[in-house]
Structure formats: structure tokens, C-alpha cells
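A.B. asks: only the shape, not the letters, is given here:
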């Protein structure tokens, strides 16, 4: 069995949801939190890097745009990547795409310059009213046609790998 260590909640909350370290709904993670968040990744990487079950470390789960800016996220991801690489060159480093109004391809060029990196994309159908009036076959058709196209856009030759999180369970494609 392989394990992915996922930093699901960060100081200041990366998306304002209760699963991200906040009880009040505020999203306050940003540049002032990067150093402390990297320190957590450094601790986790130091602790688990030599464990043969470690497959990957995800630097942050579901940052939300526009509250988490792309510049702050890239700054953090580079520092977090470097922290993991101090301890292991084998574990994948997972970068979560921003949710909300963000380009699903915005991390591709950034990640292309890094080794053993995966971009985590989450396609939620559960929280969209669009799906409420669809029957089962229409839902399946949407996933087969539209989500396949969405995933194709973030899967490039010579680019980072992708994995898809769906609802609250994740499908890992490493």
C-alpha cells in the first residue's frame, strides 16, 4: 500500500471551508502564511521521506481563487517542493489546482520545470445545481464527454502527471 500525505488544512485557511482549518468561514491564507506552511511540509517530509510506503506529499488541498492568488500559490509550491526534495527525490509532490474562477491549466508551465510533480484537479458534480435535473445516463454522459475533455486539457505530453479528485473520494493516477 502506498500513502499520500495531504496537507488538508493550513493556517489562515486556503478556502474558507470547515475542512480547511477554519470555523468562521474566512479565507485568510496568503504570503504571510507561506513560511509557516512550508515549515509544516518540511516536518512531514522529514518524518515520512524514508518510509517505503510514501508515494507523495500534497502541499495543499483545494486552494480557492481569487482569495489565494496564483503568485502566492506558486511561491509556496516552489518552497514546499524544495522542502520535500531536501529529504526525498522519489516521492511525488502534488500541487492542487485552485478551485473557483481559475484556469485549470495555470500550473502546467510552472510544474513542467519540476521533477516528479502531479497536478491534482477536482471536478465536483455534487455541488452544482446543473446536475439536479439530470438522470443517471445524462450524468454518465456528462462525465464521459465533458470531464474527459476537461482532463485532456490538463494532461499534456512532457508535462506533469494529473490526478483527479471526485467528490470526497479521490482517484489516484500516479
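C.D. replies: Done, it's in. All of these numbers come straight from a predicted model, not from anything done at the bench. Numbering: from 1, shown residues only.

A.B. asks: what's across from the most centrally placed residue in the chain in the sheet?
C.D. replies: Nearest to the mean C-alpha position of the chain, counting by CA atoms, centre = their mean, stands residue 96 at 1.6 Å. Listed by DSSP bridges, the beta-bridge partners for residue 96 are residue 120.

A.B. asks: give me the pLDDT for it.
C.D. replies: Looking at residue 96, its pLDDT is 93.

A.B. asks: one more: residue 3?
C.D. replies: So residue 3 comes in at 92 (pLDDT).

A.B. asks: next up, the contacts around it.
C.D. replies: Residues near residue 3 by CB atoms under 8 Å, 6 or more residues apart in numbering: 48, 51, 53, 54, 55. Where you see a C-beta, it was placed from the backbone N, CA and C, and this is true even at glycine.

A.B. asks: could you dump those residues to TSV with distance to residue 157 and secondary structure?
C.D. replies: What follows is those, written out as TSV (distance: CB to CB, whole Å; DSSP: H, G, I helix; E, B strand; the rest coil):
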residue	distance to residue 157	secondary structure
48	31	helix
51	32	coil
53	30	coil
54	27	strand
55	23	strand
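
A.B. asks: looking at those, which has the most residues close by?
C.D. replies: If you count neighbours using other CB atoms under 10 Å, the busiest of the contacts of residue 3 is residue 54, which has 21 neighbours.

A.B. asks: surely that one and residue 5 touch.
C.D. replies: Yes: using CB atoms under 8 Å, residue 54 is in contact with residue 5, at 7.0 Å.

A.B. asks: what touches both of the two?
C.D. replies: Shared contacts of residue 54 and residue 5, counting by CB under 8 Å, 6+ apart, come down to residue 48.

A.B. asks: all helices of the chain, in order?
C.D. replies: 34-48, 70-85, 108-112, 136-142, 148-154 (DSSP state H).

A.B. asks: out of the ones you listed, which is closest to residue 20?
C.D. replies: helix 34-48 (12.0 Å; CB to CB).

A.B. asks: who are the packing partners of that closest one?
C.D. replies: strand 3-6, strand 54-58, helix 70-85 (3 or more CB pairs under 8 Å, 6 or more residues apart in numbering; DSSP states H and E).

A.B. asks: and among these, the most buried is which?
C.D. replies: Among those, ranked by average contacts under mean count of other CB atoms under 10 Å, first place goes to strand 54-58 (a mean of 22).

A.B. asks: ok and that strand relative to helix 70-85, angle-wise?
C.D. replies: Our comparison of strand 54-58 with helix 70-85, counting by axes from the mean of the first three to the mean of the last three CA atoms, to 10 degrees, yields an angle of 150 degrees.
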